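> Quick check, what structure comes out for this input:
(12 chains)
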There are 12 protein chains.
Amino acid sequence: MTVVKSPLPEPARQVTFDALQTTLVDLLGLSLIGKQAHWNIVGPRFRSIHLQLDEVVSTARSYADTVAERAAALGLPPDGRPETIASAFTLPSPKDGWLRDEDVVQVIAETLGAAIARLRERITTTAEADPVTQDLLIGITAELEKQRWMFEAENWPREH
Amino acid sequence: MTVVKSPLPEPARQVTFDALQTTLVDLLGLSLIGKQAHWNIVGPRFRSIHLQLDEVVSTARSYADTVAERAAALGLPPDGRPETIASAFTLPSPKDGWLRDEDVVQVIAETLGAAIARLRERITTTAEADPVTQDLLIGITAELEKQRWMFEAENWPREH
Amino acid sequence: MTVVKSPLPEPARQVTFDALQTTLVDLLGLSLIGKQAHWNIVGPRFRSIHLQLDEVVSTARSYADTVAERAAALGLPPDGRPETIASAFTLPSPKDGWLRDEDVVQVIAETLGAAIARLRERITTTAEADPVTQDLLIGITAELEKQRWMFEAENWPREH
Amino acid sequence: MTVVKSPLPEPARQVTFDALQTTLVDLLGLSLIGKQAHWNIVGPRFRSIHLQLDEVVSTARSYADTVAERAAALGLPPDGRPETIASAFTLPSPKDGWLRDEDVVQVIAETLGAAIARLRERITTTAEADPVTQDLLIGITAELEKQRWMFEAENWPREH
Amino acid sequence: MTVVKSPLPEPARQVTFDALQTTLVDLLGLSLIGKQAHWNIVGPRFRSIHLQLDEVVSTARSYADTVAERAAALGLPPDGRPETIASAFTLPSPKDGWLRDEDVVQVIAETLGAAIARLRERITTTAEADPVTQDLLIGITAELEKQRWMFEAENWPREH
Amino acid sequence: MTVVKSPLPEPARQVTFDALQTTLVDLLGLSLIGKQAHWNIVGPRFRSIHLQLDEVVSTARSYADTVAERAAALGLPPDGRPETIASAFTLPSPKDGWLRDEDVVQVIAETLGAAIARLRERITTTAEADPVTQDLLIGITAELEKQRWMFEAENWPREH
Amino acid sequence: MTVVKSPLPEPARQVTFDALQTTLVDLLGLSLIGKQAHWNIVGPRFRSIHLQLDEVVSTARSYADTVAERAAALGLPPDGRPETIASAFTLPSPKDGWLRDEDVVQVIAETLGAAIARLRERITTTAEADPVTQDLLIGITAELEKQRWMFEAENWPREH
Amino acid sequence: MTVVKSPLPEPARQVTFDALQTTLVDLLGLSLIGKQAHWNIVGPRFRSIHLQLDEVVSTARSYADTVAERAAALGLPPDGRPETIASAFTLPSPKDGWLRDEDVVQVIAETLGAAIARLRERITTTAEADPVTQDLLIGITAELEKQRWMFEAENWPREH
Amino acid sequence: MTVVKSPLPEPARQVTFDALQTTLVDLLGLSLIGKQAHWNIVGPRFRSIHLQLDEVVSTARSYADTVAERAAALGLPPDGRPETIASAFTLPSPKDGWLRDEDVVQVIAETLGAAIARLRERITTTAEADPVTQDLLIGITAELEKQRWMFEAENWPREH
Amino acid sequence: MTVVKSPLPEPARQVTFDALQTTLVDLLGLSLIGKQAHWNIVGPRFRSIHLQLDEVVSTARSYADTVAERAAALGLPPDGRPETIASAFTLPSPKDGWLRDEDVVQVIAETLGAAIARLRERITTTAEADPVTQDLLIGITAELEKQRWMFEAENWPREH
Amino acid sequence: MTVVKSPLPEPARQVTFDALQTTLVDLLGLSLIGKQAHWNIVGPRFRSIHLQLDEVVSTARSYADTVAERAAALGLPPDGRPETIASAFTLPSPKDGWLRDEDVVQVIAETLGAAIARLRERITTTAEADPVTQDLLIGITAELEKQRWMFEAENWPREH
Amino acid sequence: MTVVKSPLPEPARQVTFDALQTTLVDLLGLSLIGKQAHWNIVGPRFRSIHLQLDEVVSTARSYADTVAERAAALGLPPDGRPETIASAFTLPSPKDGWLRDEDVVQVIAETLGAAIARLRERITTTAEADPVTQDLLIGITAELEKQRWMFEAENWPREH
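Predicted coordinates:
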């Protein structure tokens, strides 16, 4: 029995749901590793990056909520449980233990870059299936690209 | 050497950057002439238009910031220096000295109309190159069209 | 004589205006029946649904304003007078008198579902005519689909 | 079966309800035509009256809510559905299409004047039946008379 | 010796004071039993009623303060000590121990109903003696009648 | 020619206007002498009374505005010019120069007492002529009686 | 049948509950007599103490809520009904009628002193039984000791 | 006996006090006639000027307070009683009764112009006597000159 | 080499760190499953529990941050990466897919109960090792016990 | 014909206007190059300087508005159009393209230093002509000197 | 080597720095003794003076920050270390131990009076050397003179 | 004669007071040297550390107030006069003159480390004497340990 009716017919519903579910995992993973770096960073840029990471986390959490609720609105239940994130999250991540500030800047720039590449594919995928979801993914991409620029700019020159 | 990595390949990157750089000049120019009119307006509608112009300036400044930061996020540096604006800004503008209220209403309506026409071209240009930038340009257009309507409405009847 | 100049040529202007005018009627009607249910609901879920309905009304009023002002910005006057709403509003509505909470949940879910179906058609219609208006309709759809999910979730299981 | 118990005995309850239901229709109608004028006004006083009309709408919406909830508190369900407003609303209203600013000022002054005259009758009617409701109607009248004065003052001299 | 001079002559002063002192006891008692229910309620509607009761308490506390200060302003000292409330408070109250949500809804509706009946008598009593106090009692009645409606609506159908 | 139409017929309009105009003078005068005492008070209770007087001034200014605008709403222009206040204000007032704190407390209590006595007469006067204005005067009286109580309480024992 | 499961085993649960229930009565009683003094105080320090008493009341109300909800969280229902307070409240209290400012200062200092002595016993009692409750009682003690100091300081020299 | 010690020796103290006392009268008078115009203005610019006048009043009231407290800080009591203002206030003022909007704009521009001329003299007078007071007068002048410009700009062209 | 110096000697440092690291995992896991339930809940109590769960998540996130930063302050790096949570989180959790409201209430009450039991052990463990950390764990326990009570109360009667 | 009357006679008016017009150009130019650096900065101090530059821009914009409105208040129209800034702005500026963080710090310190030197000359120039304008220029100088110190401090040691 | 470049040449720089450094010591000392009195005051005016002293402390802290940062902006490092304040602070101060309220009022009036006398000398000293610093000192003097007046007024009559 | 009665018997009172008085000196000293570093820091991390130091100062000031008021609440007067701080403050401090950013980071980390060590001793000392004071000292320690971690993390690697 249908629990929540969907405004989308199949197969558009499933295509869109897949784009949302994978985005959800990326954003929840990003929120966790952003906090991990926020807590473990050391080095002369500690305070500046420590604060910047909280903006990444805040963005990731807020969009994760929107993405998951959109999945529900399409009639399919999102999955953000710990084991799901652990098994499905594949973006570059910081190692455990203390993290040097310059390494944090570089790995977060890479994480964001990889997340963006995946989002841009989903923008293409959902164009036909659901322009409403596509518009949401475009908004997330714009924000993550802005945040990646800041880490890139902070990361320059890399050989320093 | 690349300073900030771009999420876009060429030629999409350059196409999109051109749309953003010209929009940046239009918005910075608009913010300056909006203030010019804000300071120099005289006539019985002084207070009403004086306040309305500050909303134009506030909008233009806010979007200029977003547009310039998006250019940087695409890996190309934006240019908003005084000489660049002076040489590249081509929208209708108020003359120097005191400005009659009815003339202000008319010229700002024209400035906004010209800016909108240019934005709509860029919406077409960027559709393929970068839907994320296109979405930003659509948002700017919506806001400027709303503001133009208000000046148009205020400007009626023109022969008054 | 033209009162407010349009950024759109014909026939795009009329196509877009029709999409906006019908959306305006749907949203104003929704705001009125949302309040009707807000006032007349009875039953053990009174408080929870009473508050939720005010969010529907707030959303509907806010978007109605944006939609009507967009119509004006396109150079055509919107129509939101009582007699226009009464004759043009066709979405499912609650009956008069006291309303049981479970019936309210169901009818509002249906109203939102019908409004969404009509909005999705207009998203298609305006894609060519005016992407700026299309973007606004996409935003309204996203919000109404979120609100419908909540009533759907609240409505489950239906045979309870 | 009684749904909501009433603090008033008959016939006071029905007399009071009638005063509230007709006030509700007047206020909801006023909120709709206030927005209609807000969107369609043109002329050199556009911005000033455009803003002033939103205060009328805000007042009308807020009091409509209070009035409807008072009816419910008296144990009788209020009716604010579109078709009820359309058939029962009789105050002077603006025509459709663009509206000249001076015509807007005049018609809203007349609408408010007619609404006030009807409210003052209901103040008399409810004095015996329910002083609590009478007090609410007195408050609404005070606010509408203040707003009417502003449109009257703005409307002077009429032959201008 | 007179401590605080009164704006009212006798016997109006005493008549009005009696109306205020009994209202004070009702409101303080209501604030205490509202909290009692807020803490001890259990059942599937726990959260919704738990929050609603805090609005009852907030209203009761705020009006109790106004009522007591009005008594003082009339030159007679109000009495809100624990033993006074305990001996003079006669409205229906919840029993001790855990309280089922549906029982809470019913008893609070009854408490409010009884408080309202007593207030309406005092509105009559003070009409001659002090219209300023009467106006305050009218305002309290309006608010309590609104809150009673909400519990009545929540309480329907009673035989559930 | 009528400038602002009145919702009241004669003689009710003039009766009500007289009540409002004399109240306006009392309130404006009260706001000026409240400030005079605020600036010139000396003694061990300086800070406490200095702050309390600003609440008197704030109240007087706010109600003066409401009273004057109500006069205008009734179609008759209020008069709050310096010379009008100077010639028409008759309430007890502080002398010039430094003022001992205990003298300030006493004179302000007397000023408020006199203002209240005059307001209570106008409440009677306007009951028939305009219940809307009467309701406003009742509200002012309630507030001034509360403030007088505080100065009375502060003034005790008088022979200290 | 257990209604709310307890995180504490017996006898710790009952020991802790007793500490909370007696604290609840002390705080609710304190909030009532604080208001009683707030309304009935007279004398040259009226305003200063009148305001200070509202801070006592606000503190007492806020902690009473926390204490009662902690009792519920331990699985035993708190009791704050009027008759319970009246019979169980034993702290020094002001008499009825007008209260001289210096007497208020002294009696509230004594009330707070007695409440603190009882709280300090409960801090000892709960150390073993429930450190979480002990921590709450420590926090209440810190705040009441701060407030008592202020009344003590205000009360000096006592023979004045 | 000296009540408040002065940081200034004679004759600087008296010179400065005179500058402050005359400024106080100008500002209090300005606040009263600003409100008079605020209430009595009629004409098509009603709302715009009505709001602008409240900014004049707010400025005048705020500076009057600062000026009077500065006089007290210099050890001489300021005088802002109704009769003092009435006899000492000499700036151009509106007549009684309804006021046309264009006349209001002109008279307030003149009032501000006259106030400014008097302030500029006092800036010269106090330069030697008390640079602290001079700095305050400079600040007031800057603000009034800004407000006068706005009325001047609104007043153009005068022969309209 | 020591990266961050510790205020604690061994073995107190390691004992305390273990208590913090396990608490961190519990809180991060709780924040994830709280959101999972927030998104997937269906049933007539949808809105009420949906909102309540966000308070659980907010609490869990805020304390997780404090706990992790405390670990860092003790000189040992906390670990909150996805794989760590997935492998170390052992509290009762909701299954995937839609969740009935009553099941959500029950499982969250169980999750909180289990988390509390583990926290109470750590309160004992850290009493000697670090009273500063113990105080933090006491604060977390108090909050989680309050939230568990609410779900317990909502869950009653269980056989419903 | 005079548009806005001036409180200053010639030649004081022109002297003062020249000081204001050149300050206006410096501040508008500073606001533009501040944003240019805000967008194009790269390097390890990116975030810190990026944020600091927005404070420079905010200061420059706010003072530019005050300066231009002061010119208008003196009866002469200010000029802040793009071409005027481009031709008259002579302070040290960043080049186009990406900017290293250390170069940004140095150039902005130089820009502020040059602006300050010019402002200090104008403080001398306007001392006689208009002390009101001089006071404004003193205020701007104080703020820019504070901001220059911060860039100077950040810039040390220069040979780094 | 110069660390922070100065906008002032010698000897103006040193003269100005001396004025700022001595002001810094006075303000930091004032902030410390203000708190000392805030904590140790006893007597019937406890609460009123206790609160007033926090305004003195807040003012002193805020201006100390501005003064020290201005010294740095002039290129010379300010000194606010404990030993510097202890050796250089010479204003009248309260003794240790409890302080009677009337003694606090008197000593703080004297402290402020002495601080003002020293500030007025520095206003003269810096007039030539740096008008920007002079303007800051004038602002501090105005505020301290206002605060001294309040203590003076509170202190009257001294022989009480 | 006792001025403020103590809730503690001897010797607990004196033991606790000593812990509070020494903590007060440490916190006041910390607030002064924190500001000293805030003003005199230079180097590429200027802005970041400059802002971080203000958080240290804010924390120190706030806790100093709480600590001193707790001493007063225990019936013994705290001592925070300049000479007391200068003679009793023994924590590591920055030297006078400009301070390199890396030296600031190191010395503040050391200051905080020394303050923490002393606080931890007092936590032990007061455990028996006064658990209320102990709880306050635990709270201060938690906050200072968090701030020390941030400077430690910023300070790494030390040999940089």
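
> can you give me the helices for chain A?
A:12-40, A:46-73, A:82-88, A:101-129, A:131-154 (DSSP state H).

> Identify whichever of those helices lies nearest to chain L.
If you check each of the helices of chain A against chain L by Cβ to the nearest Cβ, helix A:46-73 wins as the nearest, at 4.2 Å. No exception for glycine: its C-beta is placed from N, CA and C like everyone else's.

> Put together a markdown table for the helices of chain A, with mean neighbour count, distance to residue G:111 and mean pLDDT on each row.
Converted to a markdown table, the helices of chain A look like this (neighbours: other Cβ atoms under 10 Å in any protein chain shown; distance: least, Cβ to Cβ, whole Å; pLDDT from 0 to 100):
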| stretch | mean neighbour count | distance to residue G:111 | mean pLDDT |
| --- | --- | --- | --- |
| helix A:12-40 | 24 | 47 | 98 |
| helix A:46-73 | 21 | 46 | 98 |
| helix A:82-88 | 19 | 52 | 96 |
| helix A:101-129 | 19 | 56 | 97 |
| helix A:131-154 | 24 | 56 | 98 |
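
> Provide a list of residues in contact with the closest residue to residue A:33 other than its chain neighbours.
Residue nearest to residue A:33 in three dimensions, not counting chain neighbours: residue A:93, with 4.8 Å by Cβ to Cβ, 6 or more residues apart in numbering or on different chains. If you count contacts by Cβ atoms under 8 Å, 6 or more residues apart in numbering or on different chains, residue A:93 has them with A:29, A:33, A:36, A:107, A:111, I:81, I:82.

> Would you check how far apart the fourth one and residue J:41 are?
Which is residue A:107. Distance of residue A:107 to residue J:41, given as Cβ to Cβ, to the nearest Å: 22 Å.

> interface residues of chain A facing chain J?
A:45, A:48, A:49, A:51, A:52, A:102, A:150, A:153, A:154, A:156, A:157, A:160 (Cβ under 8 Å from any Cβ of the partner chain).

> ok, the closest residue to residue A:38 other than its chain neighbours - contacts?
Using Cβ to Cβ, 6+ apart and skipping the chain neighbours, the partner closest in space to residue A:38 is residue A:53 (4.1 Å). Contacts here follow Cβ under 8 Å, 6+ apart; on that basis residue A:53 touches A:34, A:35, A:37, A:38, A:41, A:104, A:108.

> So residue A:53 versus residue A:15, what's the distance?
33 Å.

> before we move on, what about residue A:43?
Taken as Cβ to Cβ, the span from residue A:43 to residue A:15 is 44 Å.

> now do residue A:54
Distance from residue A:54 to residue A:15, by Cβ to Cβ: 34 Å.

> confidence score at the nearest residue to residue A:117 once chain neighbours are set aside?
The shortest distance from residue A:117 to any non-neighbouring residue, by Cβ to Cβ, 6+ apart, is to residue B:7 (7.2 Å). Residue B:7 carries a pLDDT value of 96.

> neighbours around residue B:7, how many?
By other Cβ atoms under 10 Å in any protein chain shown, the residues close to residue B:7 number 22.

> Go ahead and confirm it touches residue A:145.
Yes: in this structure residue B:7 lies within contact range of residue A:145 using Cβ atoms under 8 Å: 5.7 Å.

> Tell me the residues that contact both of the two, please.
Listed as contacting both residue B:7 and residue A:145 by Cβ under 8 Å, 6+ apart are A:116, B:73, B:74.

> Return the member of the residues you listed nearest to residue E:140.
residue B:73 (58.5 Å; Cβ to Cβ).

> In the residues of chain A next to chain J, find the pair that's most separated.
A:51 and A:157 (22.8 Å).

> for residue A:91, what are its contacts?
By Cβ under 8 Å, 6+ apart, the neighbours of residue A:91 are A:26, A:29, A:30, A:33, A:111, A:114, A:115.

> Show the contacting residues for the closest residue in space to residue A:47 that isn't next to it in sequence.
Distances taken as Cβ to Cβ, 6+ apart place residue L:48 nearest to residue A:47, at 4.9 Å, with adjacent residues excluded. Contacts for residue L:48 (Cβ under 8 Å, 6+ apart) come out as A:45, A:47, A:48, J:48.

> Next, find the distance separating residue L:48 from residue L:100.
To residue L:100, residue L:48 is 14 Å away according to Cβ to Cβ.

> Which residue lies nearest the spatial centre of chain A?
Nearest to the geometric centre of chain A sits residue A:27, at 2.9 Å (Cα atoms, centre = their mean).

> Please name the residues that touch the nearest residue to that residue once chain neighbours are set aside.
Nearest residue to residue A:27 in three dimensions, chain neighbours excluded: residue A:64, at 4.0 Å (Cβ to Cβ, 6+ apart). Contact partners of residue A:64, counting by Cβ under 8 Å, 6+ apart, are A:24, A:27, A:28, A:31, A:80, I:35.

> And for residue A:94?
With Cβ under 8 Å, 6+ apart, residue A:94 has these contacts: A:33, A:36, A:37, A:40, A:103, A:104, A:107, A:108, I:81.

> and the last one, how many residues sit next to it?
It stands for residue I:81. 22.

> What about it? Give its phi and psi, please.
phi -70, psi 160 (degrees, to the nearest 10).

> Report the separation between it and residue A:97.
Taken as Cβ to Cβ, the span from residue I:81 to residue A:97 is 11 Å.

> Give me the contact status of stretch A:120-137 with chain I.
No: applying Cβ under 8 Å from any Cβ, one finds stretch A:120-137 separated from chain I by no less than 15.2 Å.

> CA atoms of that stretch as PDB?
The C-alpha coordinates for stretch A:120-137 follow below in PDB (Å, rounded to 0.1, in the frame of the first residue of the first chain):
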ATOM      1  CA  ARG A 120      26.700  18.000 -11.600                       C
ATOM      2  CA  GLU A 121      25.900  14.500 -12.900                       C
ATOM      3  CA  ARG A 122      22.700  14.400 -10.900                       C
ATOM      4  CA  ILE A 123      21.700  17.800 -12.300                       C
ATOM      5  CA  THR A 124      21.800  16.300 -15.700                       C
ATOM      6  CA  THR A 125      20.000  13.100 -14.600                       C
ATOM      7  CA  THR A 126      17.100  14.900 -13.000                       C
ATOM      8  CA  ALA A 127      16.500  17.500 -15.700                       C
ATOM      9  CA  GLU A 128      13.900  15.400 -17.400                       C
ATOM     10  CA  ALA A 129      12.700  13.400 -14.400                       C
ATOM     11  CA  ASP A 130      12.000  16.300 -12.100                       C
ATOM     12  CA  PRO A 131      12.900  19.900 -12.600                       C
ATOM     13  CA  VAL A 132      11.900  20.700  -9.000                       C
ATOM     14  CA  THR A 133      14.500  18.400  -7.700                       C
ATOM     15  CA  GLN A 134      17.000  19.600 -10.300                       C
ATOM     16  CA  ASP A 135      16.500  23.200  -9.000                       C
ATOM     17  CA  LEU A 136      17.400  22.000  -5.500                       C
ATOM     18  CA  LEU A 137      20.500  20.200  -6.700                       C
END
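
> is any part of that stretch close to chain B?
Yes: counting by Cβ under 8 Å from any Cβ, chain B has neighbours in stretch A:120-137: A:120, A:123, A:134, A:135.

> one step back: greatest separation within the contacts of residue A:94: which pair is it?
Between any two of the contacts of residue A:94 (Cβ to Cβ), the greatest distance is 15.1 Å, for A:103 and I:81.

> ok, now which ones touch residue A:7?
So residue A:7 contacts A:73, A:74, C:113, C:116, C:117, C:120, C:145, C:148 (Cβ under 8 Å, 6+ apart).
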